[in-house]
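S.K.: Take a look and give me a structure for this.
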Amino acid sequence: MSKYFTCTITFTVLVLVLIASVGGSRAEEAKEGKKPLFYRSPMNPAVTSPVPAKDSMGMEYIPVYADAADSTGPVGTVKIDPVLVQKIGVRTGMAMNRTMSRIITTPARVAYDEETLTMVHSKFSGWAEEVFVNKTGEHVKKGQTLLTIYSPELVSTQEEYLLALANAKVLAMSSMKEIRDDAKRLVSATRKRLTYFDIPEKVIRQLEQTGEVKRDLPIDSPFTGTVIDVNVEAGHYITPNKRLYRIADLSKVWVYAEVYEPDLPWIRRGDSALISVASQPGKKFSGIIDYIYPYEEGKTRTVKVRLVFENKDGRLKPGMFANITIQAGKRTDVLAVPSEAIVRSGSREQVFVVTGPGTFEPREVVTGVQADGYVEIVKGLKPHVNVVTSAQFLIDSESKLREATAKMLEPGKVTAKDEMGAAEKKPSEKNKDGDMSGMDMGTKK
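M.R.: A predicted model of the protein is given here:
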């Protein structure tokens, strides 16, 4: 026997127990002398009879009285004997304000901090003479010489600067102020040309002191970091559009994570997070959310989140995969109920509120975020209201029967003509309306 078949039998038995209870309450009403309007099938409220009847399974039709729709409260309200409430295992929980938090776990990827990622180019053309840093992964400091370049253009610029210095020195004794000023402006202009080519200040001062033109000029590292790409060799002809090095500061890394839509309302910039990588078992690294991207990835239906992690010891290496746990921000004073209390049917969500001993009223609600086994109630409930958290689907079934009955009792819905027509129907005609009395329950012998 399959699990599905077993569950179906169990659910059917519970429904029959509930129906038997309702039938018992109807019998009590009959003893009190109340006259039923009509009788309905216990399995299908749309099938009715003006006189007592039984279905094909031998179950008696349930009498429907004039006050059945509103005797216990609003339409759909269910009243069950307290003894039966215990038998079917009805449990309740309270709607109350609480602090809700959420822990989000998702895969992540370690990457470079793009704000410290630098491309090294030469601002002049020439030939690479000597390459001092030629291996990726090598750590360099700011101002460290990476390579030297021979550039005829820079040799000419140095010579022009020396001539400008000599000319300014001679003209400094001139009695004409305009000539002295022009000589100074020429010195300043040629010196700026050297600085615009990123010639180090120490090289320019050495040129001024010695008066000797340097054939090979250095290219220095713009800051401290790790070389992650080398694209130059000795003897290469270099142009300004050729990238020579790529250097990154790995003392801080970025981590990218993919967050699904239901988790987005929880995360905020500045939330803390922990990651673990396979190469460091048992080690947790802490960081914070730095940026939440303003668009969604179409294929994965996720939003990218960027986090920043300190990496002084270099254990986090760009390209690593990691598992991340985001400590999402807490939300306080949130009205919530246990998630088991929500009954979802189509586009409607509802709970069953306990309004008295054995009395359960359906209440439509608007829900919000969900976490820690609770669901936020945006609209429809007030604090300190008891709601059903188990067996509510059985109660929901009876509630729907009550609603269907109430609709039948609306003015114009059930008339004497309808009852007379139902009485004159043949058994075969009733079957067309959904009664099971004419259905073959097995093969006739």
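
S.K.: Buried residues of stretch 222-239, list them for me.
M.R.: Neighbour-count burial for stretch 222-239, with 16 or more other C-beta atoms under 10 Å as criterion, is recorded at 222, 225-228, 230, 232, 236, 238. Heads up, the C-betas are built off the backbone N, CA and C, glycines and all.

S.K.: now, among the residues you listed, which is nearest to Phe321?
M.R.: When these are ranked by distance to Phe321 (C-beta to C-beta), Ile228 comes first, at 18.5 Å.

S.K.: Neighbouring strands - and their directions - for the helix or strand harbouring that closest one?
M.R.: With secondary structure defined by DSSP states H and E, Ile228 is part of strand 225-230. With DSSP bridges as the criterion, the sheet partners recorded for strand 225-230 are strand 139-140 (antiparallel), strand 243-248 (antiparallel).

S.K.: if we can go back for a sec, can you redo the buried residues of stretch 222-239 as TSV with pLDDT and distance to Phe38?
M.R.: As requested, the buried residues of stretch 222-239 are exported to TSV (pLDDT from 0 to 100; distance: C-beta to C-beta, whole Å):
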residue	pLDDT	distance to Phe38
Pro222	88	91
Gly225	90	86
Thr226	91	86
Val227	93	89
Ile228	91	83
Val230	92	91
Val232	91	95
His236	90	99
Ile238	90	98
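
S.K.: Buried deepest among the strands paired with strand 225-230, which one?
M.R.: With neighbours defined by mean count of other C-beta atoms under 10 Å, none of these is more surrounded on average than strand 243-248, at a mean of 20.

S.K.: How about residues contacting it?
M.R.: With C-beta atoms under 8 Å, 6 or more residues apart in numbering as the test, strand 243-248 has contacts from 112-113, 116-122, 133, 140, 146-147, 219, 221-223, 225-232, 238, 318.

S.K.: now the farthest one out in the protein, which residue is it?
M.R.: Going by C-alpha atoms, centre = their mean, the residue of the chain most distant from its centre is Ser175, 78.5 Å out.

S.K.: my guess is Phe124 meets Ser156, correct?
M.R.: No: with contact taken as C-beta atoms under 8 Å, Phe124 and Ser156 are classed as non-touching, separated by 10.9 Å.

S.K.: Have a look at these two and say which one is more surrounded.
M.R.: In this view Phe124 and Ser156 are compared by other C-beta atoms under 10 Å, and Phe124 has more residues nearby, 19 against 11.

S.K.: Give me the contacts around the strand holding Ile228.
M.R.: Counting by C-beta under 8 Å, 6+ apart, the neighbours of strand 225-230 from elsewhere in the structure are 112, 116, 118, 133-140, 243-250, 318.

S.K.: Break the chain into its domains for me.
M.R.: If the domains of the chain are taken from automatic domain parsing, they occupy 1-76+401-440, 103-113+250-329, 123-241, with pieces of a single domain joined by a plus sign.

S.K.: re the thing from before, include distance to Glu129 and mean pLDDT when you put the strands paired with strand 225-230 into CSV, please.
M.R.: As requested, those are exported to CSV (distance: least, C-beta to C-beta, whole Å; pLDDT from 0 to 100):
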stretch, distance to Glu129, mean pLDDT
strand 139-140, 19, 92
strand 243-248, 13, 93
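
S.K.: got CSV for those strands, with distance to Val203 too?
M.R.: As requested, the strands paired with strand 225-230 are arranged in CSV below (distance: least, C-beta to C-beta, whole Å):
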stretch, distance to Val203
strand 139-140, 18
strand 243-248, 18
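
S.K.: Tell me which of the ones you listed lies nearest to Ala322.
M.R.: When these are ranked by proximity to Ala322, the top entry is strand 243-248, at 18.1 Å, counting by C-beta to C-beta.

S.K.: so Phe309 is in which element?
M.R.: Per DSSP H and E, Phe309 falls inside strand 302-310.

S.K.: okay, the angle between the next helix or strand after that strand and strand 302-310?
M.R.: Proceeding C-terminally, strand 302-310 gives way to strand 321-327 as the next helix or strand, assigned by DSSP H and E. Orientation check (axes from the mean of the first three to the mean of the last three C-alpha atoms, to 10 degrees): strand 321-327 against strand 302-310 gives 90 degrees.

S.K.: related to what we said a few turns ago, pLDDT (mean, whole number) over the strand holding Phe309?
M.R.: On average, the pLDDT along strand 302-310 is 94.

S.K.: cool, stretch 104-117 as well?
M.R.: The predicted model assigns stretch 104-117 a mean pLDDT of 91.

S.K.: so what does the helix or strand where Val334 lies touch, helix or strand wise?
M.R.: Secondary structure from DSSP H and E places Val334 in strand 331-338. Under the contact criterion of 3 or more C-beta pairs under 8 Å, 6 or more residues apart in numbering; DSSP states H and E, the helices and strands touching strand 331-338 comprise strand 92-100, strand 366-371, strand 374-379.

S.K.: Recalculate using a threshold of 6 Å.
M.R.: In terms of contacts (3 or more C-beta pairs under 6 Å, 6 or more residues apart in numbering; DSSP states H and E), strand 331-338 is packed against strand 92-100, strand 374-379.

S.K.: Between the ones you listed, which one is closest to Lys214.
M.R.: Distances from Lys214 to each of the helices and strands packed on strand 331-338 were compared using C-beta to C-beta; the minimum, 68.4 Å, belongs to strand 92-100.

S.K.: Mind checking what helix or strand follows that closest one in sequence?
M.R.: Stepping forward along the backbone from strand 92-100, the first helix or strand reached (DSSP H and E) is strand 103-112.

S.K.: Which residue ranges of the stretch 101-250 of the chain form helices?
M.R.: Defined through DSSP state H, counting those that start in this stretch, the helices belonging to the stretch 101-250 of the chain, from first to last, are 152-171, 177-196, 201-210.

S.K.: Looking at those helices, which is nearest to Lys299?
M.R.: Comparing the helices of the stretch 101-250 of the chain against Lys299 with C-beta to C-beta, the closest turns out to be helix 177-196 (46.6 Å).

S.K.: so for that closest one, what's the average pLDDT?
M.R.: Computed over helix 177-196, the average pLDDT equals 88.

S.K.: Just give me how far stretch 77-93 sits from the chain centre.
M.R.: Here the centre of mass of C-alpha atoms in stretch 77-93, compared against the chain's by C-alpha atoms, centre = their mean, to the nearest Å, lies 38 Å away.

S.K.: Would you work out how far apart the start and end of that stretch are?
M.R.: For stretch 77-93, the first-to-last residue distance is 18 Å (C-alpha to C-alpha, to the nearest Å).

S.K.: change the start of the numbering to 428 and stick with it
M.R.: In the new count, where the first residue is 428, that last one comes out as stretch 504-520.

S.K.: in it, what's buried?
M.R.: Going by neighbour count (16+ other C-beta under 10 Å), the buried part of stretch 504-520 is 504-507, 511-512, 515, 517, 519-520.

S.K.: Looks like Phe515 contacts Val815 (just checking).
M.R.: In this structure residue 515 is Ile, not Phe. No: the pair Ile515 and Val815 does not pass the contact test of C-beta atoms under 6 Å, sitting 10.8 Å apart.

S.K.: Since that was my last question, I'll sign off now.
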